[in-house]
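Asks: dropping a prediction and its sequence here:
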Amino acid sequence: MLRPMLSCIALGAVALAAAPLVARDKPALPKELPQVFEAVVNCRALTSDSERLACYDRSVAALAAARDKEDIVVADRATIRETKKGLFGFTLPKLKLFGGAEKDGDEVKEIESTISAVRDTGDGFAIFTLADGARWKQTDGGNAFARPGVGIRIKRGALGSYLASIDKGAYVRVVRLSQ
């Protein structure tokens, strides 16, 4: 399950990086684009129609083969945004998984979901399981009165912390738990 997600994320960087090819006022493409992708782009430079078509046929076939082997994956901005929402709350290394610099509006600053399960812990705080399976643990604050079926909003707080509002109530501090 993790390997296809990472493959999707890796090519998401390629999909995001392709946008600057169209607009001249955008930043340049990252230099680390896969060779199989560069081969397709480089076909544009050929002036002979037959040579350019043969180049496209070869390079697109190689790109399709790489996709079939899951060596490269194409993802649009909406897919990348959904992936980022699924990773919200985890600290990830800066690997340029989603392309170069963040675009305006690409950063996920909060999520909204529904609580599907609540489990009390021995320390008096609850663990909330969200509709997508993500688990969050309350780390401070009073009783949040969480119960399955109610809405939850989780947003970034100061210094890498996260705050959750359950059923539009007061915010309590939470941390994302690994599955």
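Replies: Done, it's in. Numbers count the residues shown, from 1 in each chain.
Asks: could you list the paired strands of the longest strand along the chain along with their orientation?
Replies: Counting residues, the longest strand found in the chain (DSSP state E) is strand 110-120. Based on DSSP bridges, the pairing partners of strand 110-120 within the sheet are strand 126-130 (antiparallel), strand 151-156 (antiparallel).
Asks: show me the shaky parts of the chain.
Replies: Using pLDDT under 70 as the threshold, the predicted model of the chain has low-confidence ranges 1-31, 84-106.
Asks: that older thread, if you count neighbours, what's buried in the longest strand of the chain?
Replies: I111, S113, I115, V118 (16 or more other CB atoms under 10 Å). Yep, even glycine has a C-beta here, placed from its N, CA and C like the rest.
Asks: name the residues that touch that strand?
Replies: Contact with strand 110-120 is made by 85, 88, 126-132, 134, 146-156, 166, as judged by CB atoms under 8 Å, 6 or more residues apart in numbering.
Asks: any quick PyMOL command for the buried ones out of these?
Replies: Of the contacts of strand 110-120, the buried ones can be selected in PyMOL as follows, counting by 16+ other CB under 10 Å:
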select buried, resi 85+88+126+127+128+129+130+134+146+150+152+153+154+155+166
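Asks: just the buried residues of strand 110-120 now: which is nearest Y162?
Replies: I111 (9.7 Å; CB to CB).
Asks: distance check, that closest one against T47.
Replies: Plainly put, I111 is 50 Å away from T47 if you go by CB to CB, to the nearest Å.
Asks: equivalent analysis for A126, please.
Replies: The span separating A126 from T47 equals 66 Å under the rule CB to CB.
Asks: count the residues that sit near the residue nearest to Q138 when sequence neighbours are not counted.
Replies: When the adjacent residues along the chain are set aside, Q138 lies closest to F125, with 4.1 Å between them (CB to CB, 6 or more residues apart in numbering). Number of residues near F125 (other CB atoms under 10 Å) recorded here: 17.
Asks: again with S161
Replies: For S161, the neighbour count with other CB under 10 Å is 13.
Asks: ok, it touching Y171?
Replies: No - shown here, S161 and Y171 do not form a contact pair, counting by CB atoms under 8 Å, at 10.5 Å.
Asks: which one of the strands paired with strand 110-120 lies nearest to P34?
Replies: It is, among the strands paired with strand 110-120 and with distance given as CB to CB, strand 151-156, at 32.0 Å.
Asks: ok, now which ones touch the closest residue to R135 other than its chain neighbours?
Replies: Counting by CB to CB, 6+ apart, R135 lies nearest to L177, which is 4.2 Å off, once chain neighbours are set aside. Neighbouring residues of L177 by CB under 8 Å, 6+ apart: I127, R135, W136, K137.
Asks: name the nearest of those relative to A65.
Replies: Top of the list for closeness to A65, among these and by CB to CB, is R135 at 38.5 Å.
Asks: wait, what's in contact with the closest one?
Replies: Applying CB under 8 Å, 6+ apart, we find R135 in contact with I127, F128, T129, R176, L177, Q179.
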